[in-house]
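>>> Need a 3D model of the following:
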Amino acid sequence: MTTLAKVGFSQSYTYFTWKNTKAELVELVEQVRSWSAFYRPNMWPNTRTSSTSTSRRAAAPPFEARLVLAATLSPSYGIYSATRPARTSPCGRAAKEYLDSEKYEVKRRSLAGPLLPLIRRLNEIRRAHPALQRYGA
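Residues are numbered from 1 along each chain as shown. The predicted structure follows:
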């Protein structure tokens, strides 16, 4: 990621999705901060195909906490399918993919879902605070 960032592909996905412990999250944030001169991280609390150990056992509140972290750790964050419940069924206890990952499907989405009030509020806060809109060391 750093090599690509240094040659101009500066905005990149991070491994935030797979960081679950405090130590892992602190290490990731420190690493990303040390790259801030050339790297613009995208934080995603989930993906459409990957089921992390946290999402396999987490109900909505832990997922919401990860969403808040993603939205406040980087000016660029995303969420897969905010219109659906925060938890999607994994293939099995140790599975790395969701049972209904939609990898090869096109789905129609509506703008209604349990996370939308939180997402709306996070975006209002982000718009109101310049520090949440820019990268910095």
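
>>> which one is the most centrally placed residue in the chain nearest to, not counting chain neighbours?
Compute the mean C-alpha point of the chain, and by C-alpha atoms, centre = their mean the closest residue is residue 44, 1.4 Å away. Distances taken as C-beta to C-beta, 6 or more residues apart in numbering place residue 78 nearest to residue 44, at 4.8 Å, with adjacent residues excluded. The C-beta positions use only the backbone N, C-alpha and C, and glycine is treated the same way.

>>> count of neighbours near the one you found?
Other residues near residue 78 number 15, with proximity taken as other C-beta atoms under 10 Å.

>>> cool, residue 14 as well?
As a measure of burial, residue 14 has 23 neighbours, counting by other C-beta under 10 Å.

>>> give me every residue that touches it.
Listed by C-beta atoms under 8 Å, 6 or more residues apart in numbering, the contact partners of residue 14 are 1, 28, 32, 41-44, 74.

>>> what's the answer for residue 122, then?
67-68, 71-72.

>>> next one: residue 126
For residue 126, the set of contacting residues under the criterion of C-beta under 8 Å, 6+ apart consists of 71-72, 75, 132-133.

>>> Would you mark the buried spots in the helix or strand where it lies?
Taking DSSP states H and E as the definition, one finds residue 126 inside helix 116-128. With burial defined by 16 or more other C-beta atoms under 10 Å, the residues of helix 116-128 counted as buried are 118-119, 122, 126.

>>> how about CSV for the residues you listed, with distance to residue 22 and pLDDT added?
As requested, those are arranged in CSV below (distance: C-beta to C-beta, whole Å; pLDDT from 0 to 100):
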residue, distance to residue 22, pLDDT
118, 22, 91
119, 24, 91
122, 21, 95
126, 23, 95
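
>>> Make JSON lines from those residues and add distance to residue 23 to it.
Supplementary listing: those in JSON lines, determined by distance: C-beta to C-beta, whole Å:
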{"residue": "118", "distance to residue 23": "26"}
{"residue": "119", "distance to residue 23": "28"}
{"residue": "122", "distance to residue 23": "25"}
{"residue": "126", "distance to residue 23": "26"}
